[in-house]
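S.K.: fold the following for me, if possible:
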Amino acid sequence: MTTTRPHATVDGPDGAPVLVLGSSLGTTGQVWRPQLGALTERFRVVRYDHAGHGRSAPPSAPYTIGGLGAGLLALLDDLGLRRVSYAGLSLGGMLGMWLAAYAPQRVERLVLLCTSARLGPPERWRERAATVRRDGTGAVADAVVGRWFTPAFAATRPEVVATYRAMLAATPAQGYAACCDAIGAMDLRPDLPRIVAPTLVVAGADDPATPVRHAEVIAGLIPGARLRLVASAAHLANVERPETVTRLLLDHLAPDGDGDGRP
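M.R.: Numbers count the residues shown, from 1 in each chain. As a prediction, the model looks like this:
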């Protein structure tokens, strides 16, 4: 299992509580920019790029969720972060579940956004990885970005959609395809009952990539987890409905937060 340390960007005041943000497959830490201003008023925010994404080097061994999670732990160790809160979108949420289950002492509070503990079938992910290795990430960009935003948002904010399509198309094929392999082989469901961090699960009500039923499974298996739906949002709910997601994050991550901020 590889433990390549990902690249990270740190913002916010020294001495503030630390919040680590994990991005989705095919994006970088830039996907959290809609939340960054509000979050850095209260937190020292660490945004990292997954292996083979953005400025993170790809590990030499095949990717697994556990290997990517070990790299995340290496990042926390390198930054001297003993205990953090964590919010993850899609693949970032998968790593958040792994981290909270396998290193529970490191996670103060947890937010899982538009993600899944088991996102099969594996054959679909192997096919997507093969396409990307053969033809590049741009070959899947239109289909993937079509699941990131609702049609109404895409029609009214085409410049935002174009920005994220360009981000996806710029992702190195090796890193994207290897993360597809890791997702296809993943099943975190048996690990979820071990999570002890107060957890908020957030789903886009119109997300075709990780439909609401996936969030319901996660919330049902993590003791005490709360589930909130974001109306009129697809997979990148934090981009499509930034104010709603920011409020949910701040409500849950407050020292006395209970995740009860409602869209």
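
S.K.: ramachandran angles for residue 137?
M.R.: When read as degrees, to the nearest 10, the backbone of residue 137 gives phi -70, psi -30.

S.K.: ok, now residue 147?
M.R.: phi -100, psi -10.

S.K.: neighbours of it, how many?
M.R.: Neighbour count for residue 147, taken as other Cβ atoms under 10 Å: 14. Backbone N, C-alpha and C define where each C-beta goes, glycine included.

S.K.: how about the one 10 residues further on?
M.R.: Burial of residue 157 is recorded as 14 neighbouring residues (other Cβ under 10 Å).

S.K.: residues touching it, list them.
M.R.: Residues near residue 157 by Cβ atoms under 8 Å, 6 or more residues apart in numbering: residue 149.

S.K.: which pLDDT value belongs to it?
M.R.: For residue 157, the model assigns a pLDDT of 98.

S.K.: ok now stretch 182-198, how far from the chain's centre?
M.R.: Relative to its chain's centre, stretch 182-198 lies at 14 Å (Cα atoms, centre = their mean, to the nearest Å).

S.K.: stretch 33-50 now?
M.R.: Relative to its chain's centre, stretch 33-50 lies at 13 Å (Cα atoms, centre = their mean).

S.K.: for it, buried residues please.
M.R.: By neighbour count, with 16 or more other Cβ atoms under 10 Å as the criterion, the buried positions of stretch 33-50 are 34-36, 39-40, 42-50.

S.K.: for those residues, work out which two are farthest apart.
M.R.: Within those, 42 and 50 form the most distant pair, 25.0 Å apart (Cβ to Cβ).

S.K.: in the stretch 101-250 of the chain, which spans are strands?
M.R.: Using DSSP state E, counting those that start in this stretch, the strands of the stretch 101-250 of the chain run over residues 107-113, 199-204, 226-230.

S.K.: which one of the ones you listed lies nearest to residue 87?
M.R.: Checking these against residue 87 by Cβ to Cβ gives strand 107-113 as the closest, at 3.8 Å.

S.K.: what lines up beside that closest one in the sheet?
M.R.: Looking at strand 107-113 with DSSP bridges, its partner strands are strand 84-89 (parallel), strand 199-204 (parallel).

S.K.: deepest-packed of the ones you listed, please.
M.R.: strand 199-204 (a mean of 27; mean count of other Cβ atoms under 10 Å).

S.K.: if we can go back for a sec, who wins for proximity to residue 212 among the strands paired with strand 107-113?
M.R.: strand 199-204 (4.7 Å).

S.K.: can you name the residues in contact with that closest one?
M.R.: For strand 199-204, the surrounding residues in contact (Cβ under 8 Å, 6+ apart) are 100, 109-114, 210-212, 214-216, 218-219, 222, 224-230, 233-235, 237, 240-241, 245, 248, 252, 259.

S.K.: same question for that strand, mean pLDDT?
M.R.: Mean pLDDT, strand 199-204: 98.

S.K.: kindly format the C-alpha coordinates of that strand as PDB.
M.R.: Output in PDB follows, covering the C-alpha atoms of strand 199-204 (Å, rounded to 0.1, in the frame of the first residue of the first chain):
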ATOM      1  CA  THR A 199     -21.100  13.100  11.200                       C
ATOM      2  CA  LEU A 200     -23.200  15.100   8.800                       C
ATOM      3  CA  VAL A 201     -24.100  13.400   5.500                       C
ATOM      4  CA  VAL A 202     -25.200  15.800   2.800                       C
ATOM      5  CA  ALA A 203     -26.700  14.800  -0.500                       C
ATOM      6  CA  GLY A 204     -27.700  16.700  -3.600                       C
END
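
S.K.: what segments of the chain are helices?
M.R.: 33-39, 65-78, 91-102, 122-135, 138-148, 151-156, 158-169, 173-184, 212-221, 237-240, 242-253 (DSSP state H).
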